[in-house]
Structure formats: C-alpha cells, structure tokens
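> pasted the sequence and its predicted model underneath.
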Amino acid sequence: MTTVSTPTGPQTPALPVAPRRRPRNRHRPVWQEQPSLPGAVAKGLVLTLICLAVLFPLYTVVLTSISTQATITEAGGLVTVPGEITLAAYRQILAGGIVTRATMVSIGVTTVGTLLSTTVSVLCAYGLSRPSSLWHRPILFVLVITMFFSAGMIPTYLLVSGLGLIDTYWALILPGAVSAFNVLILRNFFMGLDPAITEAARIDGAGDWRILGRIVLPMSKAVVAVVALFYGVGYWNAFFNAMLYINDNAKWPLQLVLRSYVLQGVTLPGSGVGQVDVATGAVTGLPVKMAVMVLAVVPILVVYPFVQRHFTKGVIFGAVKG
C-alpha cells in the first residue's frame, strides 16, 4: 500500500484502486468483443457437447464396422466399447460385387459432374456479370425464376426419357448440372472484383477468355472451390435421380445401394449383406452395413477440411457483394 502527502496535513495511505473494465468499442459488434471468463467457459462447454453429439454416432458406426460378431452380440447391436477388431467387412465389400461397382460409379459421376457443373456455372456467371453482355438481364431473370418454380417430377422424367438418358450415367449428371444459387454466388463475386483490372487487361488486347482464365479465375479461387464442393457433395449424396432413371442395379451409385441396405434391408446379389459366417463368426450383415456407411461418408470428410477455410471468404463475400 502506498502513501500520499497533502500540502496541509500528514501523509495518508492511498486506497487500492480496482482495475476498470475496458469499455466496449461501439464500432465493433458484440460478438467480436473479448468474452468474460464465465462466457468463455460456457461457450467451450456448449461447443464440446455439440462436437460429442456429432462425433459419437460416427464413432459408433466406425467401431461397429470393424468389430467381430462376438463383440456385436455382446454389445447387443451397435458397439460403443472397443472389443475384438477385424476388417472382414471392408474386405468383403471391396472384394468385388455391387458395392465396389457402386463406389466406382459414385466416384466417376462425382468427378465428371463436379467438373462439368463448375465449368458451366463459372462461364454462365462470368457472362452474366458483364453489363455489356447480350441479354444478360432476361437470362438472369429466367435463372432466378428457376429457384422458385420447377417443372415437376413427371415432366422432368419425360424430358430425360425423351433424350434417351434412361439407364445411362448422364441421367445422374445432366438433370441437376447447374444450380442457380451457385451461379448467383459466382456472379456476385465476379461483380465485386475491381473493374479497373479487367479494363486494363482489355486495353492491352486481352479478350474475354484470356481475362477469365488469367485474371478472374486466379482471383476467385476461394469461391470456385466452395462452389465445386457444393456440387461435389450434391453428386456424391444424390440417390433420387438414380432411383428414378436407373433400372440396372449394376449402375447404381453408392448412396442408392446404401439406402437399399440400411433403410430397406434389401439383400442384393454379391453384396454380402445378411450373410453370416457361422464357422468364424467374423462378419454379419450389421458390420457390412456400417462399413458401407463409412465408405459413403469418409470421402466427403476427407475433402471438406481442405475447402472449409474458403467458406467465409467465398460464400459470404460472394453473397454480400454486388
């Protein structure tokens, strides 16, 4: 404790001064302020509970897919405590048959569909973002209308059938090749770029193709990556188009096979679901079903972290600008 002196009297001890809390900056949103200790603890607890709620089902599915029949029988179904481990279910579904073919179909459709949809969306959005492009306002109006109104299932099926796409892989790609929402995101992002850069390139003799490939796309990697992820996830998870347009189960994608296995309990030829190895008890229908679920989820979980960092810069900026 320190003392202070006064000109008219003896020294008196100075009282301790409590630290003053820094006033909130009025120009910053509330959620950007430094949280208090109770608030930080509460946020950490809530986020921990949310993570556990998301990860625990995935943990159960993965653990059940690599468990033996004895462990599954002891657990009475889904396994939550690790026991004896085996990869027999994965060897069974990847050894050939409909699951292997469905995985290859899903990979092919996702790859081709994502490349096609992203390319068409970028070209469409770039054309609509140029004020001098021909009929860009009527085309944009028609594009926006498709977000609220659609022809319906029966006219779409008749169109796909009339084009001869039934029982072809193109039926899984072309009906949903372009999303108006993604095109608008790209268009808004392109319109937010500094027009002086493109005008300088045009003065130097660059055409639209060179401006798009050399200037616009390198500056738009974030939003293009996010849109490509949207398309990729959509193609990978899609099963309804396959259920409508694909009659040959050899051409089914993985998601439709998963739906038949897990939800409907259908045993397809060569799938191994429902088969029980009585001699070893190593694999039954349940771990095979869980293995197919893991096979359907893992690719997206692997790709997503590499694109997740672009979401804020890509989608939010593309949606606000313009």
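Here it is on my side, so go on. Nothing here was measured: the structure is a model prediction, and the numbers come from that model.
> can you list the domain ranges for this protein.
Domains of the chain are assigned by automatic domain parsing as 39-85, 90-320.
> and the ones you listed, which is most packed in?
The highest average neighbour count among those, using mean count of other Cβ atoms under 10 Å, belongs to domain 90-320 at a mean of 17. (Glycine included, C-beta is placed from N, CA and C.)
> average pLDDT for that domain?
Average pLDDT, domain 90-320: 81.
> please compute how far it lies from its chain's middle.
A distance of 10 Å separates the centroid of the chain from that of domain 90-320, by Cα atoms, centre = their mean, to the nearest Å.
> can you pull out the strands in the stretch 1-150 of the chain?
For the stretch 1-150 of the chain, applying DSSP state E, counting those that start in this stretch gives strands covering 3-6, 9-13.
> what's the nearest residue to residue 286 if we skip its chain neighbours?
residue 72 (6.0 Å; Cβ to Cβ, 6 or more residues apart in numbering).
> ok, the one you found - contacts?
The contact partners of residue 72, by Cβ atoms under 8 Å, 6 or more residues apart in numbering, come to 64, 79, 284, 286-287.
> kindly report the same for residue 256.
For residue 256, the contact set (Cβ under 8 Å, 6+ apart) comprises 102, 239, 242-243, 246.
> beyond the particular helix or strand that has it in it, next helix or strand please.
Following DSSP states H and E, the helix or strand that holds residue 256 is helix 254-258. As assigned by DSSP H and E, the chain's next helix or strand after helix 254-258 is helix 285-308.
> identify the residues contacting that following helix?
Contacts of helix 285-308 (Cβ under 8 Å, 6+ apart): 58, 61-62, 64-67, 69, 72, 77, 88-90, 92-93, 99, 103, 106-107, 225-226, 228-229, 232-233, 236-237, 254-255, 257-258, 261-262, 267, 271-276.
> and residue 194, how far is that from residue 60?
51 Å (Cβ to Cβ, to the nearest Å).
> any idea how far residue 189 is from residue 219?
Taken as Cβ to Cβ, the span from residue 219 to residue 189 is 9 Å.
> let me fix that, I meant to ask about residue 112.
On the measure of Cβ to Cβ, residue 112 and residue 189 end up 25 Å apart.
> if we can go back for a sec, can you redo the contacts of residue 256 as CSV with secondary structure and distance to residue 141?
Putting the contacts of residue 256 into CSV (DSSP: H, G, I helix; E, B strand; the rest coil; distance: Cβ to Cβ, whole Å) gives the following:
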residue, secondary structure, distance to residue 141
102, helix, 40
239, coil, 32
242, helix, 32
243, helix, 33
246, coil, 34
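> save those residues as CSV, and put in distance to residue 125 too.
Formatted as CSV, these follow (distance: Cβ to Cβ, whole Å):
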residue, distance to residue 125
102, 33
239, 28
242, 28
243, 31
246, 31
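> now flag whichever of those residues is closest to residue 139.
Nearest to residue 139 among the contacts of residue 256 is residue 242, at 30.5 Å by Cβ to Cβ.
> pretty sure that closest one sits against residue 253.
Yes - between residue 242 and residue 253 a contact is recorded at 5.3 Å, counting by Cβ atoms under 8 Å.
> any shared contact partners between those two?
Common contacts of residue 242 and residue 253, defined by Cβ under 8 Å, 6+ apart, comprise residue 172.
> circling back to that earlier point, and the contacts of residue 256, which two are furthest apart?
In the contacts of residue 256, two members sit farther apart than any others by Cβ to Cβ. They are 102 and 243, at 13.1 Å.
> show me what the strand or helix carrying residue 217 is packed against.
Under the criterion of DSSP H and E, residue 217 resides in helix 217-219. Here helix 217-219 touches no other helix or strand, going by 3 or more Cβ pairs under 8 Å, 6 or more residues apart in numbering; DSSP states H and E.
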